[in-house]
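A.B. asks: I'll drop the sequence and a predicted model, then ask my questions.
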Amino acid sequence: MKHLFAVMIAASVQSMSLGCAPSTAQLHPSQGQETRTMQTANSQPMKSVAPPHGLVVSGPITLEQQLDIVALRAGVIVALPADVDTVVQKGQLMAGLDARQLEADRNTARYKVESLEADLKNWQSELQVRETDMHRAEAMHKEGITTQEAYDHSRYEVAASQFEVERQRGEMLSAKANLQSIDLELEKTKFVAPFKGVVAQRYVRLGQYVTTGDKLFRVMGASPLEVRFTLPGAEAALLKRGALVTVSPTPEFQQTTDATVTHVSPVVDPGSGTIEVTAVLKNRLPGLIPGTVASVRIAR
């Protein structure tokens, strides 16, 4: 009986040990996951990294022929034939100031010049007459007909006439200089186009009173567009005069045009550690107009 009870206990212990023993998969669950992860990773293709296209900077678009016309004297605008988008030729009148007082002053100065010129001619003729009298008095003095005092008197009159001629000549030159000064002031009342171009902005209106230094127009010429940008001093060796860079109105460089480097600063700005570069665009793109900021790509 005791032997049968011992056999039953041993059988129960063996069955319990068999039921609780873990499987190989349960003992090492991470190994299967790592294997599947590696297989999945190997099956997916690796993403390639795009190679760099070069150094990209930005800078404003400018024009070499771009100028603000300012007033050189005060006055009221009485003529304004030019407006925004007006195509002007070099020397074409764009605006004019009231110059009636200056024109009257010029007429007065011109009449004075003419009067002084006549006086000068009169004194030059007088000098010739007195020189003739002096030569006659000298001859008569040699013949003993006249005295030394009469001859000296003739010489003094000639000298006085010479001084009077020089005085009149000086007054005439002064009057001519005054006339020229008035002409220069008259020129300041007329504002003409400095070069062929188009009026980009108009700052004044007809009848407005302007003072010296006031802006009147902004004129933009037909010269090629330029882009100005800076480079770190360490990258100065990338560009030289005549090199080509790529310019685009957007950072994505969807539309591009080449630009030729025309100026590279020979020194590095100590404040920013950069150099200034200027390049002329070969073609005009819709998004590249003066005042906008363009993207510039420099090949390494």
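C.D. replies: Noted; the coordinates are in hand.

A.B. asks: give me the element the nearest residue to residue 192 once chain neighbours are set aside is part of.
C.D. replies: Residue nearest to residue 192 in three dimensions, not counting chain neighbours: residue 91, with 5.2 Å by CB to CB, 6 or more residues apart in numbering. Placement of C-beta: from N, CA and C, glycine included. If you go by DSSP states H and E, residue 91 is not part of any helix or strand.

A.B. asks: since we're on residue 91, how many residues are nearby?
C.D. replies: When neighbours are defined as other CB atoms under 10 Å, residue 91 has 10 of them.

A.B. asks: so it sits against residue 196, correct?
C.D. replies: No: using CB atoms under 8 Å as the test, residue 91 is too far from residue 196 to be in contact (9.5 Å).

A.B. asks: give me the most central residue, this protein.
C.D. replies: What sits nearest the mean C-alpha location of the chain, by CA atoms, centre = their mean, is residue 64, with 5.6 Å.

A.B. asks: what's the distance between that residue and residue 195?
C.D. replies: 10 Å (CB to CB, to the nearest Å).

A.B. asks: repeat for residue 225
C.D. replies: Taken as CB to CB, the span from residue 225 to residue 195 is 16 Å.

A.B. asks: residue 295 now?
C.D. replies: 30 Å.

A.B. asks: between the two, which one's more packed in?
C.D. replies: Under the criterion of other CB under 10 Å, the comparison of residue 295 against residue 195 puts residue 295 first, with 19 against 15.

A.B. asks: helix, strand, or coil at that one?
C.D. replies: Following DSSP: H, G, I helix; E, B strand; the rest coil, we place residue 295 in the strand state.

A.B. asks: next, the buried residues of stretch 229-239.
C.D. replies: 229, 230, 231, 236, 238, 239 (16 or more other CB atoms under 10 Å).

A.B. asks: give me the subset of those that lies in helices.
C.D. replies: Nothing among these maps onto helices, per DSSP state H.

A.B. asks: helices or strands up against the longest helix along the chain?
C.D. replies: As assigned by DSSP H, the longest helix anywhere in the chain is helix 100-142. Here helix 100-142 touches helix 148-188, going by 3 or more CB pairs under 8 Å, 6 or more residues apart in numbering; DSSP states H and E.

A.B. asks: how far is the helix it packs on from where the chain is centred?
C.D. replies: Relative to the chain's own centre, helix 148-188 is displaced by 48 Å; criterion: CA atoms, centre = their mean, to the nearest Å.

A.B. asks: give the pairing partners of the helix or strand just after that helix; include direction for each.
C.D. replies: Downstream of helix 148-188, the first helix or strand assigned by DSSP H and E is strand 190-192. Looking at strand 190-192 with DSSP bridges, its partner strands are strand 93-97 (antiparallel).

A.B. asks: tell me the angle the partner strand makes with helix 148-188.
C.D. replies: 110 degrees (axes from the mean of the first three to the mean of the last three CA atoms, to 10 degrees).

A.B. asks: now do strand 93-97: everything it contacts.
C.D. replies: Contacts to strand 93-97, defined as CB atoms under 8 Å, 6 or more residues apart in numbering, come from residues 69, 71, 73, 75-82, 88, 188-193, 199, 204, 210, 216-217.

A.B. asks: next step: these restricted to strands.
C.D. replies: Secondary structure from DSSP state E places 69, 75-79, 88, 190-192, 199, 210, 216-217 of the contacts of strand 93-97 in strands.

A.B. asks: closest one of these to residue 108?
C.D. replies: residue 75 (19.3 Å; CB to CB).

A.B. asks: wouldn't that closest one be in contact with residue 210 here?
C.D. replies: Yes: under the criterion of CB under 8 Å, residue 75 makes contact with residue 210 at 6.6 Å.

A.B. asks: on that earlier part again, from the ones in strands among the contacts of strand 93-97, which two are the most distant?
C.D. replies: Checking the ones in strands among the contacts of strand 93-97 with CB to CB, the most distant pair is 76 and 88, at 22.1 Å.

A.B. asks: name the residue in those two with the higher neighbour count.
C.D. replies: Neighbours were counted for residue 76 and for residue 88 using other CB under 10 Å; residue 88 has more, 21 against 12.

A.B. asks: list the contacts of the closest residue to the more buried one other than its chain neighbours.
C.D. replies: Distances taken as CB to CB, 6+ apart place residue 193 nearest to residue 88, at 3.9 Å, with adjacent residues excluded. Taking CB under 8 Å, 6+ apart, we find residue 193 in contact with 82, 88, 89, 90, 91, 92, 94, 219.

A.B. asks: tell me which of these is nearest to residue 145?
C.D. replies: residue 91 (69.0 Å).

A.B. asks: next, work out how far apart the closest one and residue 214 are.
C.D. replies: 22 Å.
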